Structure formats: C-alpha cells, structure tokens
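*Asks:* A structural model of the following input is requested.
(one chain, ligands or ions: 1)
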Amino acid sequence: MLRIGFGYDAHRLVPGRRLVLGGVMISHDRGLLGHSDADVLTHAIVDAVIGALARGDIGEHFPDTDPSFKDADSLLLLKTVMEWVRAEGLRVGNLDTTVVTQKPKLAPHISAMKDKLSPILGVDPRRINIKAKTSEGMGFCGREEGMEAFAVVSLVIDESST
Ligand code: MG
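*Replies:* This next block holds a predicted model:
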C-alpha cells in the first residue's frame, strides 16, 4: 500500500520579516509574510502529508484566524500531522520538494533543512529531497514579490508499528 500526497503554498516576500524555510532561519533582506512564521516549504510539506491522508488542507486544520498560530513555528504543524500519520500505522517513504525563489541562493541551507525535517518526518535525510529553482525572472517569484513551494510525499505501511 502506498499513498501519495501533493502540497503547494505561496507567500509574499516583504521587508521587516525573518525568512524561515524548512525550519531554518536564512539571512536575507526580506522575509515571508503570513500569520504563522510563513515557512512556505514546511506548509507545502504539511499539505502534502494531509493530502496523502485525504484529510483536506492546512487551512482547515490550522486556520489563520486562530491566534494560537500567530507567528507559530510551522514545524509544530508538521509534528501534528505526523502524529496522524503514525496513528494510521503509516510512515513517510520519501519526500520531494521544490522551492521557487529568485533570491537568496538556497543551496547552502538545504542540508540544514533536511536535518530539521528528518527527525520530524521520521525518515532518513537521504529520503528527503529539496530543490531550489528560480523562475528565470518571470512571474511573482521572479520579481521577488513572493516565493512558492511544491511538495510530494509518499506514505507507506510502518511495519515496525503493531
Ligand atoms: Mg502558507
């Protein structure tokens, strides 16, 4: 048995906000705007996991009208949905993601992101892939008005759970 989930997210890029991607704070002159920490990559991953479980979407479970999610660490949302995965006797098989941004360069931060995500997802960092792409100057990512992220996750039966 294999379940596949897909997630997408986008946030505006504005001055005066910190930039957090995959739970890692990245030095940049702008950050992502949102009710939580606006970690666009983690939000896409959360939606992919929710999608694989066929339980709707992130906004339904973690509404941005809820004051408890104000400036929230999005890794906590990921921890919550991973509890649902385990409760169904499943585990993550692998995760593949793409972040679209013109700047900054994300390559130096990718291994730190994998190290943050790996223990939460309960999967070896070698089963996690994070790709950074520019959109070659086109669209809102190209104009540095925002960032978007895509994620695909597989969930498999956890043979170690009884
Ligand atoms: Mg979001």
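*Asks:* what about Ile110, which helix or strand?
*Replies:* helix 110-121 (DSSP states H and E).
*Asks:* model confidence over that helix, on average?
*Replies:* With pLDDT averaged residue by residue, helix 110-121 scores 98.
*Asks:* Does anything pack onto it? Which helices or strands?
*Replies:* strand 24-26, helix 40-52, helix 74-87, strand 90-100, strand 128-133 (3 or more C-beta pairs under 8 Å, 6 or more residues apart in numbering; DSSP states H and E). Backbone N, C-alpha and C define where each C-beta goes, glycine included.
*Asks:* So which of the ones you listed is the most surrounded?
*Replies:* For these, average neighbour numbers computed from mean count of other C-beta atoms under 10 Å are highest in helix 40-52, which has a mean of 27.
*Asks:* Span of stretch 24-34 from start to end?
*Replies:* Using C-alpha to C-alpha, to the nearest Å, the end-to-end distance of stretch 24-34 comes to 16 Å.
*Asks:* can you check stretch 8-21 too?
*Replies:* One end of stretch 8-21 sits 14 Å from the other (C-alpha to C-alpha).
*Asks:* And for it, what's in contact with it?
*Replies:* For stretch 8-21, the external contacting residues (C-beta atoms under 8 Å, 6 or more residues apart in numbering) are 25-34, 37-44, 47, 58, 74, 99, 101, 104, 106, 109, 113, 140, 144-151.
*Asks:* at 7 Å instead, please
*Replies:* For stretch 8-21, contacts defined as C-beta atoms under 7 Å, 6 or more residues apart in numbering pick out 25-26, 28-34, 37-41, 43-44, 47, 99, 106, 109, 113, 144-150.
*Asks:* which of those are buried?
*Replies:* Those of the contacts of stretch 8-21 that meet the buried threshold are 26, 30-32, 34, 37-41, 43-44, 47, 99, 106, 109, 113, 146-150, by 16 or more other C-beta atoms under 10 Å.
*Asks:* give me every residue that touches Gly56.
*Replies:* Neighbouring residues of Gly56 by C-beta under 7 Å, 6+ apart: Ile50.
*Asks:* Roughly how far does it sit from Gly139?
*Replies:* Separation of Gly56 from Gly139 (C-beta to C-beta, to the nearest Å) stands at 28 Å.
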